[in-house]
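Colleague: the sequence isn't on hand, but the structure is:
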């Protein structure tokens, strides 16, 4: 059973990295059809955007885990329980902001690239 679980974890952790690496090398499909320098600049911004999304999602997950550990170890202390809940709620608000920012950047990118081509 442990071997099967390890195989599934390996598949879910490694396979997306290969596909993301492929996408990373070809660039953003929305940047095609622009001029040479505009395409390079668009791909550069897209890579920075991707890195920021990955880092912010990792930080949000870390805060959710830390809040969960705080909640589990709080015991009967009401202040620690409130602090743990506040940490998790703030992390979830951060995730919502990350997702909203992704949609907003996608919409702005679509508008800009449709006007340039």
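Modeller: Structure's in. What do you need? Because the structure is a prediction, the values reported are computed rather than measured. Numbers count the residues shown, from 1 in each chain.

Colleague: how about the helices in this protein?
Modeller: Counting by DSSP state H, the chain has these helices, from start to end: 2-26, 36-73, 78-116.

Colleague: weakest of those by average pLDDT?
Modeller: If the helices of the chain are sorted by mean pLDDT, helix 2-26 sits at the bottom with a mean of 57.

Colleague: which residues are in contact with the nearest residue to residue 86 once chain neighbours are set aside?
Modeller: Spatial nearest neighbour of residue 86, excluding adjacent residues (Cβ to Cβ, 6 or more residues apart in numbering): residue 67 at 7.9 Å. C-betas here are computed from N, CA, C, even on glycine. Contact partners of residue 67, counting by Cβ atoms under 8 Å, 6 or more residues apart in numbering, are 84-88, 91.

Colleague: only the buried subset of the residues you listed, as a ChimeraX command please.
Modeller: Only the buried members of the contacts of residue 67 enter the following ChimeraX selection, criterion being 16 or more other Cβ atoms under 10 Å:
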select :84,87,88,91
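
Colleague: tell me how far the closest residue to residue 91 other than its chain neighbours lies from residue 90.
Modeller: Closest residue to residue 91 in three dimensions, ignoring its sequence neighbours and counting by Cβ to Cβ, 6+ apart: residue 63, at 3.8 Å. As defined by Cβ to Cβ, to the nearest Å, residue 63 lies at a distance of 7 Å from residue 90.

Colleague: more neighbours, those two?
Modeller: Neighbours per residue (other Cβ atoms under 10 Å) separate residue 63 from residue 90, with residue 63 holding more: 17 against 14.

Colleague: what's near enough to touch that one?
Modeller: For residue 63, the set of contacting residues under the criterion of Cβ under 8 Å, 6+ apart consists of 87-88, 90-91, 94.
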